[in-house]
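**Student:** quick one: sequence and predicted model below, then my questions.
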Amino acid sequence: MSNKKVTRSPASLKISNDVLTKIAEVAATEIRGVASQGEHLVVSDKGVGIAGKFISPVKVAVRNDAAEISVNIVVLQGYKANEVAQSVQKSVKSAVQSMAGVAVSKVNVRISDIMLSSVK
């Protein structure tokens with residue numbers, strides 16, 4: 001009988017950027033003052049790029065095992081834009097870290113427009 005030691009390499013888990021993007025978007029829509037339709041962020045006409053191509057309101061880049069997230073939001077009239085943006089930063093960071101177990105190094109929030117009528 002052999003006493004060879006069996007070593008196993010640890011299993012790896014990879015969460016796609018699409019999943020991280022969805023978590024971030026849903027977290028942003030939960031903040032009062034952010035224009036949303038269901039679980040999707042409202043995108044202003046400024047969210048359309050060159051040749052009419054749609055630009056996603058959330059971008060995720062993973063560098064050195066930490067996510068850098070950029071979120072473009074439309075703020076509803078009557079809300080303080082800076083307070084809404086700070087709440088989005090906290091919500092997105094917390095949601096991604098707790099749901100996906102991925103460290104978040106920064107959350108950039110860009111206010112792309114103000115909505116004069118409420119959608120939420």
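**Tutor:** Received it, and whenever you're ready, just let me know what you need. Residues are numbered from 1 along each chain as shown.

**Student:** drop to CA atoms for contacts and neighbour counts, all remaining ones
**Tutor:** Fine.

**Student:** buried sites along stretch 27-42?
**Tutor:** By neighbour count on 16 or more other Cα atoms under 10 Å, the buried set for stretch 27-42 is A27, A28, T29, E30, I31, G33, V34, A35, S36, L41, V42.

**Student:** test my guess that the third one contacts V43.
**Tutor:** No. In this structure T29 lies outside contact range of V43 using Cα atoms under 8 Å: 11.9 Å.

**Student:** quick check, pLDDT for S9.
**Tutor:** Reported pLDDT at S9 in the predicted model: 65.

**Student:** and the one 4 residues further on, by the same measure?
**Tutor:** On the pLDDT scale, L13 is placed at 74.

**Student:** assumed it was part of a strand.
**Tutor:** No. Counting by DSSP: H, G, I helix; E, B strand; the rest coil, L13 is not part of a strand but coil.

**Student:** number of nearby residues for it?
**Tutor:** Here the number of neighbours of L13 (other Cα atoms under 10 Å) works out to 6.

**Student:** equivalent analysis for S56, please.
**Tutor:** Other residues close to S56 by other Cα under 10 Å number 15.

**Student:** then the one 3 residues further on?
**Tutor:** Burial measure for K59: 21 neighbouring residues, criterion other Cα under 10 Å.

**Student:** doesn't V107 make contact with K93?
**Tutor:** Yes. The criterion here is Cα under 8 Å, and K93 meets it with V107 at 6.8 Å.

**Student:** what residues of the top strand by length along the chain count as buried?
**Tutor:** The residue-count maximum for a strand in the chain (DSSP state E) belongs to strand 103-115. Neighbour counts over strand 103-115 (16+ other Cα under 10 Å) mark A103, V104, V107, V109, I111, S112, D113, I114, M115 as buried.

**Student:** fine, thanks again, bye for now.
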